[in-house]
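1. sequence first, then the predicted structure, then my questions.
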Amino acid sequence: MMQEVIRELKITREHQEKKVAIVASFAKKLVDHKLTPPSEKLADAMATLVRLPESQQGRAKPKG
């Protein structure tokens with residue numbers, strides 16, 4: 001599921017998506033896949049794990 005989100009949002013070292021967008025994508029996938037009960041905490045944790053450490057601390061370089 002994490003690899004799906006990375007591919008779908010085109011997350012790379014150079015392109016770090018906003019955390020809220022990643023959380024929303026994981027929340028939807030948790031419902032769609034029915035692997036676990038939907039959990040905002042789990043979606044948030046997964047979003048944190050797919051982002052680079054510098055992006056997690058709000059220090060990502062601005063785009064453009």
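-> Received it, and whenever you're ready, just let me know what you need.
2. give the closest residue to Ala27 in space, chain neighbours not counted.
-> Excluding its sequence neighbours, the residue lying closest to Ala27 (CB to CB, 6 or more residues apart in numbering) is Ala43, at 4.3 Å. For every residue, glycine as well, the C-beta is placed using N, CA and C.
3. so which elements touch the helix or strand hosting the one you found?
-> Using DSSP states H and E, Ala43 sits in helix 40-50. Applying 3 or more CB pairs under 8 Å, 6 or more residues apart in numbering; DSSP states H and E, we find helix 40-50 packed against helix 2-8, helix 19-33.
4. which helix or strand in the chain has the lowest average pLDDT?
-> Using mean pLDDT, DSSP states H and E, the weakest-scoring helix or strand in the chain turns out to be helix 53-56, at a mean of 75.
5. now do the buried residues in it.
-> Using 16 or more other CB atoms under 10 Å as the test for burial, helix 53-56 gives Ser55.
6. try stretch 25-32
-> Residues 25-27, 29-30 are the ones in stretch 25-32 that count as buried (16+ other CB under 10 Å).
7. hang on, the earlier thing: give the rounded mean pLDDT of the helix holding Ala43.
-> For helix 40-50, mean pLDDT rounds to 93.
8. so for stretch 8-16, what's the average pLDDT?
-> Mean pLDDT, computed over stretch 8-16, is 91.
9. and it, how far from the chain's centre?
-> On the basis of CA atoms, centre = their mean, to the nearest Å, stretch 8-16 sits 10 Å off its chain's mean C-alpha point.
10. buried residues, that stretch. List them.
-> Within stretch 8-16, the residues that count as buried by 16+ other CB under 10 Å are 9, 11, 16.
11. quick one: the residues you listed as JSON lines, columns for distance to Gln3 too.
-> As requested, the buried residues of stretch 8-16 are exported to JSON lines (distance: CB to CB, whole Å):
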{"residue": "Leu9", "distance to Gln3": "11"}
{"residue": "Ile11", "distance to Gln3": "10"}
{"residue": "Gln16", "distance to Gln3": "16"}
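12. tell me which of these is nearest to Lys34?
-> Here the nearest of the buried residues of stretch 8-16 to Lys34, counting by CB to CB, is Leu9; it sits at 21.4 Å.
13. and what about the closest residue to that closest one other than its chain neighbours, helix, strand or coil?
-> Excluding its sequence neighbours, the residue lying closest to Leu9 (CB to CB, 6+ apart) is Glu17, at 4.9 Å. With DSSP: H, G, I helix; E, B strand; the rest coil as the basis, Glu17 sits in coil.
14. having no further points to raise, I will conclude here.
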